[in-house]
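Asker: Pasting a predicted model and its sequence here:
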Amino acid sequence: MAMLTVRNLPDEVHQALRVKAAINGRSMEAEARAILKSAVLAGDPSQPTKPVTSEMVKAQ
């Protein structure tokens, strides 16, 4: 699985993520994954697990 580092995250975003993770009973990392997955896959409800290929990226 790929890894992602987020730099220069504003303190208020970090704190909000911490609170949201606690409310949902997840780690901050798990919460961030859930948020990213939801945001990225929200645009195509017919293909919720369709992987992005290098061809798709190149077409952009």
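Answerer: Noted; the coordinates are in hand. Please read these numbers as outputs of a predicted model, since none were measured by experiment.

Asker: For this protein, just list every one of the helices.
Answerer: Along the chain, counting by DSSP state H, helices occupy 11-23, 28-41, 54-59.

Asker: Which of those helices sits closest to residue 5?
Answerer: For these, proximity to residue 5 was assessed by C-beta to C-beta; helix 28-41 is nearest, at 11.3 Å. (C-beta placed from N, C-alpha, C; glycine too.)

Asker: other SSEs contacting that closest one?
Answerer: Contacts defined by 3 or more C-beta pairs under 8 Å, 6 or more residues apart in numbering; DSSP states H and E place helix 28-41 against helix 11-23.

Asker: what's in contact with the helix it packs on?
Answerer: Residues from elsewhere that reach helix 11-23 (C-beta atoms under 8 Å, 6 or more residues apart in numbering): 27, 28, 30, 31, 32, 35.

Asker: Report the distance from it to the chain centre.
Answerer: 14 Å (C-alpha atoms, centre = their mean, to the nearest Å).

Asker: for stretch 27-41, same thing?
Answerer: Distance of stretch 27-41 from its chain centroid, counting by C-alpha atoms, centre = their mean, is 4 Å.

Asker: quick revisit: okay if I get the helices of the chain as CSV plus mean neighbour count and distance to residue 3?
Answerer: Below are the helices of the chain laid out as CSV (neighbours: other C-beta atoms under 10 Å; distance: least, C-beta to C-beta, whole Å):
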stretch, mean neighbour count, distance to residue 3
helix 11-23, 12, 17
helix 28-41, 13, 11
helix 54-59, 8, 18
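
Asker: And residue 42, how close does it get to residue 15?
Answerer: According to C-beta to C-beta, to the nearest Å, residue 42 stands 24 Å off from residue 15.

Asker: Need the residue closest to the centroid of the protein.
Answerer: In the chain, the residue lying closest to the centroid (C-alpha atoms, centre = their mean) is residue 36, at 1.4 Å.
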